[in-house]
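Asker: mind folding the following:
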Amino acid sequence: MKTNIFKKNHVCMAIIDTSVDINASVDKVWDIISDLDNEPKFWRGTKETKIISRDGNIVTREIIIAFRDSKCMQKITIQPKEKIYAEFTEGIIKGSKTLNLKPNDGRSVLEANWDIKMSGLAGMFTGMIKKHIRSGTEQAIESIKQKAENS
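Answerer: Below is the predicted model:
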């Protein structure tokens, strides 16, 4: 598992890049990550999700995150068996989370990339929250790996 964190132009952005090799097919991993209602089972920072609308490969949803039970809105763009791009459109988080899924010789590589900052007064917590997001992301992709490899 690899993890990198950067500061972007001295603005406190949480840029987090993680990846994990999974001994399972892209199809099996995709079945897990594309089930948006099950996200809280793997991502401990996501407490609840509620899909508002679906229009083709675009999903609009509300999520409750662990930080002060804050409500956020997301616009999710799904590229089947390749990418899930979640843009935070309203709430305390600004930016995006991207899951990239790549085949690797009958196995899979799952990448999770964040480019976010906390808005408003919560901005002063971006650095602290970045550590939680990094740790939660590493835990989430490891849990996804275990589920894919053991099912």
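Asker: ok, residues contacting the helix or strand where residue 59 lies?
Answerer: Per DSSP states H and E, residue 59 falls inside strand 58-65. Strand 58-65 is contacted from outside by 36, 39, 45-54, 70-78, 91-93, using C-beta atoms under 8 Å, 6 or more residues apart in numbering. Just so you know, the C-beta spots here come from the backbone N, C-alpha and C atoms, and that holds for glycine as well.
Asker: my guess is residue 48 contacts residue 40. True?
Answerer: Yes - Residue 48 is within contact range of residue 40, at 6.4 Å (criterion: C-beta atoms under 8 Å).
Asker: quick one: the residue nearest the centre of the chain from residue 27, how far?
Answerer: For the chain, the residue nearest the mean C-alpha position is residue 97 (4.7 Å; C-alpha atoms, centre = their mean). Per C-beta to C-beta, to the nearest Å, residue 97 is found 22 Å from residue 27.
Asker: for residue 99, which non-adjacent residue is closest in space?
Answerer: Computed as C-beta to C-beta, 6 or more residues apart in numbering, the closest residue to residue 99 that is not its neighbour in sequence is residue 84, at 4.5 Å.
Asker: ok, and for the longest helix along the chain, which residues are buried?
Answerer: The single longest helix within the chain, with elements called by DSSP state H, is helix 126-150. By neighbour count on 16 or more other C-beta atoms under 10 Å, the buried set for helix 126-150 is 126, 129-130, 133-134, 136-138, 140-142, 144-145, 147-148.
Asker: lowest-confidence one in those?
Answerer: Ranked by pLDDT, the buried residues of helix 126-150 bottom out at residue 126, which has 73.
Asker: hang on, it packs against residue 14?
Answerer: Yes - at 5.9 Å, residue 126 counts as touching residue 14 under the criterion of C-beta under 8 Å.
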